[in-house]
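The amino acid sequence is not available; the structure is as follows:
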Ligand SMILES: Nc1ncnc2c1ncn2[C@@H]1O[C@H](COP(=O)(O)OP(=O)(O)OP(=O)(O)O)[C@@H](O)[C@H]1O
Ligand SMILES: Nc1ncnc2c1ncn2[C@@H]1O[C@H](COP(=O)(O)OP(=O)(O)OP(=O)(O)O)[C@@H](O)[C@H]1O
Ligand SMILES: [Mg+2]
Ligand SMILES: [Mg+2]
């Protein structure tokens, strides 16, 4: 009799919107090539994904959380409180972060230092912190184009912002000696770092709480804007965007994979080990995701813009063996 | 104000259809549960009816007369608890129908109103067809066993309210598209269609021409053979013509209540006389 | 139907305040622009007024009488174009005020209505305070120069409508909380507060007791000294008492229009006589 | 499931006919002798037949799985449970297997007795089930198989009893109500009491929702305040979350943005909506109205992202180029003004359509009264109709305001994401709601104050709007007028 | 009684035609007022037109799609290496194995037809949609006899090629674009001239489920439409009756006391609760507590019901209040019970307002994404949801995972491929049609109930 309730038979995934495109490509291919139903992939951010993931064990919780950052200790603790003790961490690749401007404008060759000088709220000048006086990129560095500074950076809810703050702004602050100058002025190191990363609030740097399409629209509407994008997003919009180099390196999959291009972040998904063997297709999905066919250099993920993990083989082993985190 | 001994004259209590004792009505009294004395003392409360005792006998037409604003309509609404529907209107005292207290919590006002029908002072037809206006009562009370029966009741009621000829061709037209007098008669038809035991009519002929008035008076006379009728009127002539009992209200008090002939020929209260002869208003 | 020659008797045209010629009114006529003949032929259209000619003289009270539903209110509304506001109501013919066609597209009905005031058959006080009800007209027409002036107008109007004593303590109470007769008088006060040149009153005394009626009749008489008054009434006595001219309507037609004394003593149309003596309705 | 309900419904229908019939019969065929209309007697019986049965059915359906689950869990060998980490997941497997057997029996793969005697030595169960499209997560263990078999037995027993109890109850209700039916029974009153009960239940749903909302946010709000000082939250003038910790999470700038943007939105929506309502109700011909009203209503149904893009691409740059820059008020294309105006457009139908209906419901006699005094239409509208319709209009405007407070997409795209305390309407600002959504769906650590602040924001906003609503209620009460 | 007669002196005779200063002023203000009204309606409609034009302009092309037809040889050695036509064996060949087959056939056909192009196999294959191998694979697995045959098929072309025929992609942009080459476009153009490449109406947009970001050409609204439909059914079935019932109780029956005030304030407050908070509530109550399925339209519908209720209640109460008391009194005076007077007279008269509230509430519910975020409906779902879920751990009705139309709009606007812009607008068109159908019914009903009294 069909009246008896049956158990869930599809894999349920939730989390980061950065991972989402990759997860959907995998889910789609998985559904096409296996007898299991296509997994449901929810977006909603790493935070929500992990929150749902950590809500407990059972059919009514998600099996996999996508995340554009590694899980934090406090989150692991919450997970454990709720009975989610066995987690498999899968790092499947990297997301390159690129700086792109309108294709019709001049092209840019940045260094991290330029970005710090352009966007910092205050700069140390002659032993004093002064409000950032730079208006044009040429004020920052003479050989940059004479174009007003207008940056569209991810809002503070985006994981990308964290990378941007640390790898670009803070790094730039160090590179151009501002950090040292601030410490010289008597700030302690934490305060100085914080001062480095504080962005100006006079409308030159615009936080984007939406997604890359919003950044794209703003760049298009503004004309002078430089936007911060994911590599994959840029790769799909090369007809309207031109990418800037960072420290002389053009952001390509190879440059990022080799670590030459400095701004990128790892992408993860987390498997609830307790659901393995219970939710049909969960193991198969995970294996499929990290298989060479999919996540390898020539797989569809790379074609879409994912920087394949150079250590993919290890990841495959972790998934195949169900190696838990911390082991 | 104790003219009530007269009310009893000639009829024993159990012949009485309705009895009201010590009825007070207040408007704008706010929350329920205040004592009559408290409300009477409150300046902001309108004390519309003051200690009124009235008996409505079976098969009798009782007329309420009195100057405008003296509380006739208010008292009429006491008799079928229509005042319940007015915000801030509070009533104290006792009213019985066939010996049963109509304000008893166990009494269903709905059933009460089915027995004590009402024609309002301002005609208020439903925004529905003329037919549906009249058929509404019979429908909710299940008075007709089938469609033909219902049509029959509707026709009879309209005929008795002397409006059939004017509307027979447009029974499906909206009741709100009638002239003032027609609406009034429609409301009378609507009320009698449910055959109540007591019919309260608040100035049923105010918008009617003499002939229509005569027809409605005839109807009232006919209704009396089976029911009690209470009628509010401003026309002394009408009161004299149709009623057997007359109550004269003044400033919320019942000044005199007696046989109509007595009231109009030999009133015992000087105020009654002044009113009838047109001296106070 | 051509009794209109009588309408002219005794008054020359330029003494006439208002003149109606060949007025037809139809209800439920749908779209504008249909010809009178077309609408008259249409079964679904109510032909409420049929080729009526009436003259309203200055300083005169004209009474409209006739059985309920004969078209009195409808014709009254023709005189200040209140029919414009009723969906599907169409009027043909010509009406003039001081010789000017009131239906001319250039005429502003607002200005017309300021000159030709109206008291409706069903009292319709605004859901505002009693004071604001009366002050409404003077305010929009700018008749008062200051607050005291306005209060003065309000008080006078209420006094003249014989309701001041009853409401003077509750001027800020809502007009809708009055008794039926009080509302009617409030509406009269409201209408006279704007001092119109012609005042149309649709059964202004229907809900009033004899004394209040007398007061209103007195008011009408007083108004006549300066304005024209048109009054619809069902009471022959009232028509005889207050009016100088009487128009008798029957089934939408004007049967007879003449001096009141003539109509009541020596009507030329047999139908008029039947009505007055109470034989047709 | 469905057939059980149909049977109960059938019994209800039968009860209706029987009750009606009995009532009519008790009055000797003369419906006039009945206390209530015959339908009410019928409905009365129907209610007594169906309501208890359906209630019990519902409760049973909720409880039975719990009971069976517990029973089966209890019967699983303790050492087996000990070696798995989570009994709930074992039960998931058990249930999956049991329902897999159900499908298998349906398809004729096994018969019921066969299932009862299966054992694991036959380790093809997983493959066999896979063959008919039932996917199992893992191979079947002895314990799970036994549990699944027991599960099926219990389920069948439970179901049988359920049917017996439910049908018995329905029949009993029917019989009882039927026997009680007679011409003097106050059938209408009991039916109406039942309806009133339903009405009351419906209106308490609002309370339940509120309780649910508060409860579902309370826990995390508490957690937030344990991590972040409440003074800084409520009185902080800065909103600057950061991943590294040391965030400043001040409410004030967000609240200011919310109020400012909503205010501008209302400044657009209320007059336009009200004038549109007035025009449609009082001036426009029936034809115009019947076209314009639904058209304007479409505005309420366009997804807000469309408005957001409209704000971002069209309105924002336009306002910047033609107002902000010439007036020297900054050169941000995202601004309070942009979001406010675009949101205002979205809110027009909230004000216009509701107000139009209310205005339309004002009785014609009031208009006549005013026109008869020589008032123009506009005077009539302003002084008679609007006051009469005021409570409804205020309700409509409040609804629009509510919507404005709760809107996200338009603000994100139109007003930007920067929290700022500024008077300049051409500056970018943001709202509480945007930050609730943002922090909740971002990439922050979900147990950090940066994420938990969403709950505190939600709860705070809830309390603030509650206070505003209380004020509104008091004000509206004061102006409530009744006509007729 | 006669007071000293002291009315303002009779106003001097004035012609009806010559408006005095005050009247003309009033008339001017009247005209202004009317003009404001007209302008307000105009602004509303203008805004609608502008929005519609932009939506239609962007989205109509989503209903067309570009296909290529050529003879496809289903070679046995690649698709069924063992040659025994066992579906289990054949399934081992994944979609990645099918792509070369498609590409080789295409290459061979071009050569046979003598069509010049300067592309290698990879570049040629990149012209085809990634969806194509999956479709062919499904076709072959369903009918293994096809193997070895050459069949004429119509195959989806990639999103960029499609964009070329819709004007989104040009030769210039293609030069800069990494995902398409000028050569591909030239070939597509040649084939289009020959009639082998056609752009035609695309039902699949409405029926197919969503597709991943790498194949915009195959993304459809099927799942979203079903999800929205289910949710709207839930909302309509629950919110309208509950809302009307609650309003009737509060407006007609409730005694005026603290509790009623509390409920009243509560309801207007619920209207101001940001919709995502309803998502939080739904997650806590329906998924975690009542254990309904995540991502299911049932939960979505319930959440949207709670969200819509205040709107319907506020509108309904306002219109109930607008019914004049005389109507109620007339009914009560005839011996109707309060319940009867409400249901027979008041409710029908309040119907226009109720329907308006419903229209607006449903419109809001239909376009809402935020609350669905937390209950898992903002998701990528490829399986069509059944009305009665076959795998649900609780209430099975509408328990399968699904998305909704606004969710699809929202996700598509976030995708990186510009081809999704067109699809998002197309989805909005579908959503509006959905809305119009719902509204049309309500509007027709509303017209029947509208009357003045
Ligand atoms: N709005 C309307 N729609 C349709 N028919 C109407 C409308 N108003 C009045 N009528 C019809 O027009 C005719 C004349 O109505 P009118 O109101 O002028 O009568 P009346 O003489 O004032 O009657 P009464 O003395 O009863 O007020 C009647 O037959 C009436 O039914
Ligand atoms: N709803 C109300 N709120 C407040 N006061 C009211 C209300 N209804 C009536 N009153 C007052 O109560 C008193 C009695 O009113 P009622 O309507 O009973 O008078 P009535 O005798 O019927 O007068 P009429 O002959 O004018 O209809 C009046 O002073 C009136 O102003
Ligand atoms: Mg009265
Ligand atoms: Mg009349």
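The structure has been received and is ready for your questions. Quantities reported herein were computed from a predicted structural model and do not represent experimental measurements. Numbers count the residues shown, from 1 in each chain, chains lettered A, B, ... in the order given. Ligands and ions are numbered 1, 2, ... in the order given.

my hunch is that residue E:303 is in a strand, does that hold up?
No - assessed with DSSP: H, G, I helix; E, B strand; the rest coil, residue E:303 is helix; it does not lie in a strand.

That one - nearest residue in space that isn't next to it in sequence?
Sequence neighbours aside, residue E:282 is the residue nearest to residue E:303 in space, at 3.7 Å (criterion: Cβ to Cβ, 6 or more residues apart in numbering or on different chains). In short, each C-beta sits where N, CA and C put it, glycine included.

what does residue D:218 give?
residue D:459 (7.1 Å).

same deal with residue E:349?
Residue E:349 sits nearest to residue E:323 (Cβ to Cβ, 6+ apart), 4.7 Å away.

Contact partners for the one you found?
Remark: with contacts taken as Cβ atoms under 8 Å, 6 or more residues apart in numbering or on different chains, residue E:323 is in contact with D:361, E:345, E:346, E:349, E:350.

so the last one touches residue E:319, yeah?
Yes - between residue E:350 and residue E:319 there is a contact at 4.0 Å, judged by Cβ atoms under 8 Å.

Name the residues contacting each of these two.
What both residue E:350 and residue E:319 touch, as defined by Cβ under 8 Å, 6+ apart, is the set residue D:361.

show me where the stretch 101-250 of chain E has helices.
With DSSP state H, counting those that start in this stretch as the criterion, the stretch 101-250 of chain E has helices at E:121-125, E:131-142, E:159-166, E:171-176, E:182-194, E:204-207, E:222-248.

Repeat that for the stretch 101-250 of chain A.
A:112-119, A:137-140, A:159-163, A:171-175, A:178-184, A:189-197, A:212-222, A:231-235.

Retrieve the pLDDT associated with residue B:6.
Looking at residue B:6, its pLDDT stands at 42.

do residue E:247 as well
Reported pLDDT for residue E:247: 92.

From ligand 4, how far off is it?
Computed with Cβ to the ion, to the nearest Å, the distance linking residue E:247 and ligand 4 is 37 Å.

What's the local residue count around that residue?
Applying other Cβ atoms under 10 Å in any protein chain shown, we find 30 residues neighbouring residue E:247.

next one: residue E:142
9.

what does residue D:112 give?
12.

who touches it in this structure?
Contacts of residue D:112 were listed using Cβ under 8 Å, 6+ apart, and they are residue D:105.

Chain A: strands as residue ranges?
Assignment of strands within chain A using DSSP state E yields the ranges A:12-15, A:40-42, A:64-67, A:87-102, A:109-110, A:122-125, A:128-131, A:151-154, A:205-208, A:226-230, A:241-243, A:245-246, A:264-272, A:307-308.

same thing with chain E?
E:64-73, E:150-156, E:197-201, E:379-380.

Under the pLDDT cut-off, which ranges of chain D? List them.
D:1, D:84-86, D:120-123, D:130-138, D:479-484 (pLDDT under 70).

Which single residue in the stretch 151-281 of chain B comes nearest to ligand 1?
Closest residue of the stretch 151-281 of chain B to ligand 1, Cβ to the nearest ligand atom: residue B:181 (2.4 Å).

Who are the packing partners of the helix or strand where that residue lies?
Assessed by DSSP states H and E, residue B:181 sits inside helix B:180-193. In terms of contacts (3 or more Cβ pairs under 8 Å, 6 or more residues apart in numbering or on different chains; DSSP states H and E), helix B:180-193 is packed against strand B:116-119, helix B:130-141, helix B:147-160, helix B:164-167, strand B:198-202, helix B:210-224, helix E:325-333.

which helices and strands does the third one pack with?
So that's helix B:147-160. helix B:130-141, helix B:164-167, helix B:180-193.

Now do the strands in the stretch 1-150 of chain D.
Using DSSP state E, counting those that start in this stretch, no strands are found in the stretch 1-150 of chain D.

ok, the residue nearest to residue D:218 to residue E:113 distance?
69 Å (Cβ to Cβ, to the nearest Å).

Quick check: the residue of the stretch 201-350 of chain E nearest ligand 4.
Residue nearest to ligand 4 within the stretch 201-350 of chain E: residue E:326 (18.2 Å; Cβ to the ion).

Neighbours of the closest residue to that residue other than its chain neighbours, how many?
Spatial nearest neighbour of residue E:326, excluding adjacent residues (Cβ to Cβ, 6+ apart): residue B:124 at 4.2 Å. Residue B:124 is flanked by 25 other residues according to other Cβ under 10 Å.

Likewise for residue D:327?
Residue D:327 has 10 nearby residues by other Cβ under 10 Å.

Which of the three states applies to the residue nearest to it when sequence neighbours are not counted?
In space, and not counting its chain neighbours, residue D:327 is closest to residue D:426: 7.7 Å by Cβ to Cβ, 6+ apart. Using three-state DSSP, the structure places residue D:426 in coil.

Repeat that for the one 3 residues further on.
Secondary structure of residue D:429, reduced to three states by three-state DSSP: coil.

okay, how far is it across stretch A:199-212, tip to tip?
End-to-end distance for stretch A:199-212: 20 Å, by Cα to Cα, to the nearest Å.

ok, and for that stretch, which residues are buried?
A:199, A:200, A:203, A:204, A:205, A:206, A:207, A:208, A:209, A:210, A:211, A:212 (16 or more other Cβ atoms under 10 Å in any protein chain shown).

Just the closest of those to residue E:411, please.
Nearest to residue E:411 out of the buried residues of stretch A:199-212 is residue A:211 (Cβ to Cβ; 10.0 Å).

what's the closest residue to ligand 4 within the stretch 101-250 of chain B in contact with, if anything?
The stretch 101-250 of chain B approaches ligand 4 most closely through residue B:180 (4.0 Å), counting by Cβ to the ion. Applying Cβ under 8 Å, 6+ apart to residue B:180 gives the contacts B:123, B:207, C:68, C:73, C:121, C:122, C:202, C:203.

Look at the fifth one and tell me its secondary structure.
This means residue C:121. Residue C:121 is classified as coil under three-state DSSP.

Also the second one?
Classification of residue B:207 into helix, strand or coil gives coil, according to three-state DSSP.

surely it meets residue B:123?
Yes - Residue B:207 is within contact range of residue B:123, at 7.3 Å (criterion: Cβ under 8 Å).

so what sits against both of the two?
Common neighbours of residue B:207 and residue B:123 (Cβ under 8 Å, 6+ apart) are B:180, B:183, B:184.

and which of the residues you listed is nearest to residue D:417?
Once Cβ to Cβ is applied, the member of the shared contacts of residue B:207 and residue B:123 that ends up nearest residue D:417 is residue B:183, at 63.1 Å.

Once you drop chain neighbours, what's closest to the closest one?
residue B:123 (3.7 Å).

Near the spatially closest residue to residue E:241 that is not a sequence neighbour, how many other residues are there?
Take residue E:241 and drop its neighbours on the chain: the residue closest to it by Cβ to Cβ, 6+ apart is residue D:202, 7.7 Å away. Around residue D:202 there are 21 other residues, counting by other Cβ under 10 Å.

right, and residue D:202 touches residue E:254 too?
No - the pair residue D:202 / residue E:254 is not scored as a contact, 11.7 Å apart, by Cβ under 8 Å.

who's more crowded, residue D:459 and residue E:113?
residue D:459 (20 against 11).

OK, contacts around that one?
D:214, D:217, D:218, D:221.

Make sure it is indeed in a helix.
Yes - applying three-state DSSP, one finds residue D:459 inside a helix.

any idea how far it is from residue A:209?
21 Å.

Among the contacts of residue E:323, the buried ones, what's the PyMOL command?
Typed into PyMOL, the line below selects the buried ones among the contacts of residue E:323, using 16+ other Cβ under 10 Å:
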select buried, (chain D and resi 361) or (chain E and resi 345+346+349+350)
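
which two in the contacts of residue E:323 are spaced the farthest apart?
D:361 and E:345 (13.2 Å).

wait, what's in contact with the residue of the stretch 201-350 of chain D found nearest chain E?
Across the stretch 201-350 of chain D, the shortest distance to chain E (Cβ to the nearest Cβ) belongs to residue D:279, at 2.8 Å. With contact set as Cβ under 8 Å, 6+ apart, residue D:279 has these partners: E:34, E:36, E:37, E:38, E:40, E:41.
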